[in-house]
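*Asks:* Next input, structure requested:
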Amino acid sequence: MGAGHHHDHTHGANKKTLMISFIIITVFMIVEVIGGILTNSLALLADAGHMLSDSISLFIALIAFIMGERAANYAKTYGYKRFEILAAIINGVTLLAVSIFIFYEAIHRLFEQPEVASSGMLVVAVIGLLVNIIVAFTMMRGGDTKGNLNMRAAFLHVLGDLLGSVGAIAAALLIMFFQWTWADTVASVLVAVLILISGWRVTKDSVHILMEGTPLHIDVKDIVKIIERVDGVKGIHDLHVWSITSGLNALSCHIIVDGQMKVEESQALLRNVENVLNEQGIGHITIQVETENNPHGNSIMCQNDYEISAEHHHGHSH
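*Replies:* Below you'll find the model as predicted:
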């Protein structure tokens, strides 16, 4: 139950944080678009374009958390929690698209450097930096930007914006003092590279979860050793470990026990296995128990789809 309450608490905190961040980012994004057009700055427009993707990504992430609260049903037995991963992959692909667009615009500007209103650009960029610092701090303080992939994707968008504002400030200063108009283009390209890296990482991690990949922080070999060390376990096979969504890992396997073991003893053994797996960050556990002389049999020892009670409660907490 503890894990369930913690997941619910962080879920609510993430949702509130995203709502605040969405409002702040959207308002300033409009300001930065106007500023970019008036000053003719690609760095500002690149940052504004990134902020537009931020605004969309924060909105998608927020919808994902709201969808994730919907209870499981016969059609969606895990509920809608994986919607968060779909939101993360959309955000990752958006980051990639934004970076490609900035590269495209920068290449055109290399051959024809337009006049840039550096003073106006500097003012807007400084305000943008302050806004992004506030939003980044809000997300770090109130949300799970490390454990939740959906939240991390949204946070990376904001960090990209923050770096974009720094680049725009540097470019504005170089144009003001040295008349280096190309600095605007260079700053936008550097931001695009950072956005590209962030987008690739988020997309890759999201696809890994959608492909039922083993959670990145879990080593299957270690899990096998941990289960085999539990007193009474003779062997293990058909092991699968995956993530339903960020922070909610699942495991299913068959374990082999002594054929003379009583049902009460097998229940105690299962709870011992549950405890050691919970310590590894796995909350949803399904184990089938088989005897040494009757694997896959239909004896009383075959505890088909024994679902650990902690996750069972968590599933009904909504």
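
*Asks:* Skip ahead from the longest helix seen in the chain and say which helix or strand is next.
*Replies:* Using DSSP state H to define each element, the chain has its longest helix at helix 2-39. Counting by DSSP states H and E, the element after helix 2-39 in chain order, helix or strand, is helix 42-68.

*Asks:* in the next helix or strand after that following helix, what's buried?
*Replies:* Going down the chain from helix 42-68, the next helix or strand is helix 83-111, by DSSP H and E. Within helix 83-111, the residues scored as buried using 16 or more other Cβ atoms under 10 Å are 83-92, 94-96, 98-99, 101-103, 105-106, 109. Heads up, the C-betas are built off the backbone N, CA and C, glycines and all.

*Asks:* before we move on, what about stretch 245-262?
*Replies:* 245-257, 261.

*Asks:* Now stretch 249-256: average pLDDT?
*Replies:* For stretch 249-256, mean pLDDT rounds to 91.

*Asks:* One more: stretch 24-37?
*Replies:* Stretch 24-37 comes out at a mean pLDDT of 82.

*Asks:* Flag every buried residue along it.
*Replies:* Here stretch 24-37 shows 24-26, 28-29, 32-33, 35-36 as buried, counting by 16+ other Cβ under 10 Å.

*Asks:* got it, and stretch 72-81?
*Replies:* Residues 79-81 are the ones in stretch 72-81 that count as buried (16+ other Cβ under 10 Å).

*Asks:* Closest one of these to residue 17?
*Replies:* Nearest to residue 17 out of the buried residues of stretch 72-81 is residue 81 (Cβ to Cβ; 18.1 Å).

*Asks:* Surely residue 132 is in contact with residue 160?
*Replies:* No - counting by Cβ atoms under 8 Å, residue 132 sits too far from residue 160 to count as a contact (9.1 Å).

*Asks:* Measure how the top strand by length along the chain sits relative to helix 42-68, angle-wise.
*Replies:* With secondary structure taken from DSSP state E, the chain has its longest strand at strand 233-245. Here strand 233-245 runs at an angle of 120 degrees relative to helix 42-68 (axes from the mean of the first three to the mean of the last three Cα atoms, to 10 degrees).

*Asks:* okay, stretch 111-130 in CSV with CA atoms only?
*Replies:* Written as CSV, here are the backbone C-alpha positions of stretch 111-130 (Å, rounded to 0.1, in the frame of the first residue of the first chain):
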residue,chain,number,x,y,z
PHE,A,111,23.8,33.1,-46.6
GLU,A,112,21.8,36.2,-45.8
GLN,A,113,22.3,37.9,-42.5
PRO,A,114,19.3,40.2,-41.7
GLU,A,115,19.4,43.2,-39.4
VAL,A,116,18.6,42.2,-35.8
ALA,A,117,17.3,44.7,-33.1
SER,A,118,19.7,43.6,-30.5
SER,A,119,18.5,45.7,-27.6
GLY,A,120,14.9,44.5,-27.9
MET,A,121,16.2,41.0,-28.4
LEU,A,122,18.2,41.3,-25.2
VAL,A,123,15.2,42.5,-23.1
VAL,A,124,13.0,39.6,-24.3
ALA,A,125,15.7,37.0,-23.9
VAL,A,126,16.4,38.1,-20.3
ILE,A,127,12.7,38.0,-19.4
GLY,A,128,12.6,34.5,-21.1
LEU,A,129,15.6,33.3,-19.0
LEU,A,130,13.8,34.4,-15.7
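
*Asks:* farthest pair in the buried residues of stretch 245-262?
*Replies:* Within the buried residues of stretch 245-262, 246 and 261 form the most distant pair, 37.0 Å apart (Cβ to Cβ).
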